[in-house]
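[1] model the following, please.
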Amino acid sequence: MAMKQMAKTTEQRLDELPPGTCAVVRRIDTESEGVQRLKALGICLGRRVEVLKTGDPLIVKVFGSRIGLSASLAAQVWLERCRPGDCQDPATSKTG
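    As a prediction, the model looks like this:
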């Protein structure tokens, strides 16, 4: 049964995702100060982010804003990739 659970886990660290990847935050493995810093930047559980640039700092897009994160802080954020076509940013998408 443990093997079945491992196969279901599709989380990756933010610092491991390539540019252009859209993903949803699933957990944050850091002390409360780091969590508070991430929340202040708009990065919290269930939030969609898009990786714009890897490295240090790592640049992500959250609600249409670009945010720079240190590589060490980004390594504490675990995400699940969005399915293709699922990452429409409501702040920047335009209709008809």
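[2] mind checking the longest helix of the protein?
    Assignment by DSSP state H gives helix 32-40 as the longest helix of the chain.
[3] I'd like to know which elements that helix is packed against.
    Here helix 32-40 touches strand 22-28, helix 71-74, going by 3 or more Cβ pairs under 8 Å, 6 or more residues apart in numbering; DSSP states H and E. Every C-beta, even on glycine, is put in place using the N, C-alpha and C of the backbone.
[4] hmm, 7 Å instead?
    For helix 32-40, not one helix or strand is in contact under the criterion 3 or more Cβ pairs under 7 Å, 6 or more residues apart in numbering; DSSP states H and E.
[5] give me the buried positions along it.
    34-35, 38 (16 or more other Cβ atoms under 10 Å).
[6] got CSV for those residues, with pLDDT and distance to Ile67 too?
    Converted to CSV, the buried residues of helix 32-40 look like this (pLDDT from 0 to 100; distance: Cβ to Cβ, whole Å):
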residue, pLDDT, distance to Ile67
Gly34, 84, 14
Val35, 87, 15
Leu38, 92, 9
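[7] can you pull the contacts of Thr10?
    Thr10 sits next to 80-81 when contact means Cβ atoms under 7 Å, 6 or more residues apart in numbering.
[8] do Val77 as well
    13-14, 25, 28, 38, 43.
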